[in-house]
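# build me a structure from this.
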Amino acid sequence: MATRKIAVIVGSLRKDSFNRKIAKTLMLLAPSTLEMEIVEIGQLPLYNQDDDAAPPATYTEFRDKIKSFDGVLFCTPEYNRSVPGALKNAIDVGSRPYGQSAWSGKPCAVISVTPGGTGAFGANHHLRQSLVFLDMPAMQQPEAYISNAAKLYDGDALKDESTKAFLQKFIDAFASWVERHAD
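Numbering: from 1, shown residues only. Next up, the predicted model:
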């Protein structure tokens, strides 16, 4: 298997984000065939189509960076039964101008993480709606909804062994998914 570069997009901007902790845990558990990097999204100005003629440098840098990856892992919390505005904005920035999407064809997976009990199910599925339009083959199994995230960590260390075992299964399946679907 070839080494594949994976962009990790963390939807939460919070410093002690559970999604960032899960992302970092997945990066540690990833097989050597995945070279994973968190791509920051908090610096992106709100997408405005008026900027397409002369896009801000941050738009161009973000789009070029996403284009350099073979696949994408999205880690999202749930805000009001959907994804956070920063994540939606990053998706919009990367997908424009129309017909020049940086996301197109990149295999991806979604993991949703919440301190609540529902595993951010709504955000996970709402994000998947956008991925269909973006032409991103999204891994279907195993589905990943991580609930009660505040109880899973001691600082930055994952202390829950069953969650660690699940995350290992998830990242191994993702590596296979990317290998099957990457260009």
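
# so L73 lies in a strand, does it not?
Yes - under DSSP: H, G, I helix; E, B strand; the rest coil, L73 falls within a strand.

# show me what contacts F69?
5-7, 37, 39, 106 (Cβ atoms under 8 Å, 6 or more residues apart in numbering). Any C-beta I mention is one placed from the backbone N, CA and C, and that applies to glycine too.

# same list (the residues you listed) but as TSV, adding neighbour count and secondary structure.
Shown next, in TSV, are the contacts of F69 (neighbours: other Cβ atoms under 10 Å; DSSP: H, G, I helix; E, B strand; the rest coil):
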residue	neighbour count	secondary structure
K5	14	strand
I6	28	strand
A7	23	strand
E37	12	strand
V39	17	coil
K106	25	coil
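
# what's the distance between the residue of the chain most remote from its centre and S147?
Within the chain, the residue lying farthest from the chain centre (Cα atoms, centre = their mean) is A53, at 27.7 Å. Counting by Cβ to Cβ, to the nearest Å, the gap from A53 to S147 is 44 Å.

# quick one: low-confidence ranges for this structure?
1 (pLDDT under 70).

# which secondary structure elements does the lengthiest helix in it contact?
Longest among the helix segments of the chain by residue count, using DSSP state H, is helix 161-181. Applying 3 or more Cβ pairs under 8 Å, 6 or more residues apart in numbering; DSSP states H and E, we find helix 161-181 packed against strand 4-10, helix 18-29, strand 34-38, strand 71-76, strand 108-113.

# need these in CSV with distance to L158, can you?
Formatted as CSV, these follow (distance: least, Cβ to Cβ, whole Å):
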stretch, distance to L158
strand 4-10, 16
helix 18-29, 5
strand 34-38, 16
strand 71-76, 14
strand 108-113, 12
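
# what's the closest of these to P137?
Among the helices and strands packed on helix 161-181, the nearest to P137 by Cβ to Cβ is strand 108-113 (7.2 Å).

# just give me the residue right at the centre of this structure.
Closest-to-mean residue, the chain, Cα atoms, centre = their mean: F74 / 1.2 Å.

# surely it is in contact with I111?
Yes - counting by Cβ atoms under 8 Å, I111 is a contact partner of F74 at 7.3 Å.

# what distance do you get for T58 to E143?
According to Cβ to Cβ, T58 and E143 sit 33 Å apart.

# higher neighbour count, the two?
Neighbour comparison, T58 and E143: the larger count goes to E143, with 15 against 12 (by other Cβ atoms under 10 Å).

# and that one, that's in a helix?
No - counting by three-state DSSP, E143 is not found in a helix; it is coil.

# cool, thanks, signing off.
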